[in-house]
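S.K.: Quick one, structure for this:
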Amino acid sequence: MDNKISMWFVLEPLLYSQEFTHLADLSRKLNIPHATLRKYLNNFEKLGVLAKQIKGRLTMYRLNYANPLIIDFIQITEKEKILNKCQKELLIREVVSFIHEDSERNKVLIFGSAAEDMKKANDIDLLIIGKSKIKDKLKLLKNNLNLEFHIINAEKFEDINKSLKNEIINKHIIIEGLEEFTRWMIKN
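M.R.: Numbering: from 1, shown residues only. As a prediction, the model looks like this:
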C-alpha cells in the first residue's frame with residue numbers, strides 16, 4: 001500500500017471541479033474501501049471543506065467553494081500531492097529539487113503524463129509563468145538524467161489557452177507558485 005502522508009490525498013479527484021462526484025467513483029479512483037473513504041469525506045464535510053449531496057441512495061461530494069478558506073485547503077492537498085509524488089518517483093524528486101534550488105522563484109509546474117506516471121512518460125512537460133532563464137539550466141539536468149523537457153513559457157496566466165489549461169488541471173504537479181497556480185486553476 002502507498003505510504004500517504006495524511007488524509008488530504010482523498011481530495012485530489014475533487015480539485016478544481018464544480019461537479020459532484022459519487023462516492024463509488026472516488027473510491028475507485030483512489031483505490032480505497034468505501035467505508036474508509038466515507039469516514040475521511042465526512043470529516044472534511046464537518047470542517048466545511050466538502051459539500052455533500054444525497055440523491056436517493058447516491059452520496060455525492062464536491063469541494064465547498066463557499067468556504068473562504070478553500071484556497072488554503074486546496075494548497076495543503078497540492079503540497080501533499082507533490083510530497084507523495086517525490087517520495088515515489090526519484091526522477092520527479094530530482095527535477096523538483098533542481099527547480100527549488102533555482103533562485104529565480106518562477107511559477108513552475110509539471111503537467112501531462114509525467115505528472116501521473118514518470119515511467120510511461122516520454123518527456124517532462126513544464127509550464128513556466130514569467131521571464132525565466134531556467135531553460136538553459138535545465139539542459140544540464142537533461143544531460144545528467146537523460147531526460148527530455150518540453151517547456152512552455154508564458155509571460156502571464158492569461159496567455160494560456162483553455163484546452164492547455166484543462167489538460168494542466170487534469171494532470172499537474174505544482175513546484176513553485178502554489179498560490180498563484182491554485183487561484184488560476186479555480187477560475188474556470
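S.K.: what distance separates the lengthiest helix in the chain from the centre of its chain?
M.R.: Counting by DSSP state H, the longest helix found in the chain is helix 70-88. Relative to the chain's own centre, helix 70-88 is displaced by 7 Å; criterion: Cα atoms, centre = their mean, to the nearest Å.
S.K.: and what of stretch 36-54?
M.R.: That offset, for stretch 36-54, works out to 20 Å (Cα atoms, centre = their mean).
S.K.: what are the ranges of the strands in the chain?
M.R.: 21-22, 50-55, 58-63, 107-111, 124-129, 149-154, 172-176 (DSSP state E).
S.K.: quick one: strands adjacent to the third one?
M.R.: Strands flanking strand 58-63 in the sheet, each with its direction: strand 21-22 (antiparallel), strand 50-55 (antiparallel) (DSSP bridges).
S.K.: Over to the last one?
M.R.: Looking at strand 172-176 with DSSP bridges, its paired strands and their directions are strand 107-111 (antiparallel).
S.K.: pLDDT of the strand it pairs with, averaged?
M.R.: Per-residue pLDDT values across strand 107-111 average out to 94.
S.K.: what angle separates that strand from helix 70-88?
M.R.: For strand 107-111 against helix 70-88, the angle between stretch directions is 60 degrees (axes from the mean of the first three to the mean of the last three Cα atoms, to 10 degrees).
S.K.: Only the buried residues of strand 107-111, if you could.
M.R.: When neighbours are counted by 16 or more other Cβ atoms under 10 Å, the buried residues of strand 107-111 are found to be 107-111. (C-beta placed from N, C-alpha, C; glycine too.)
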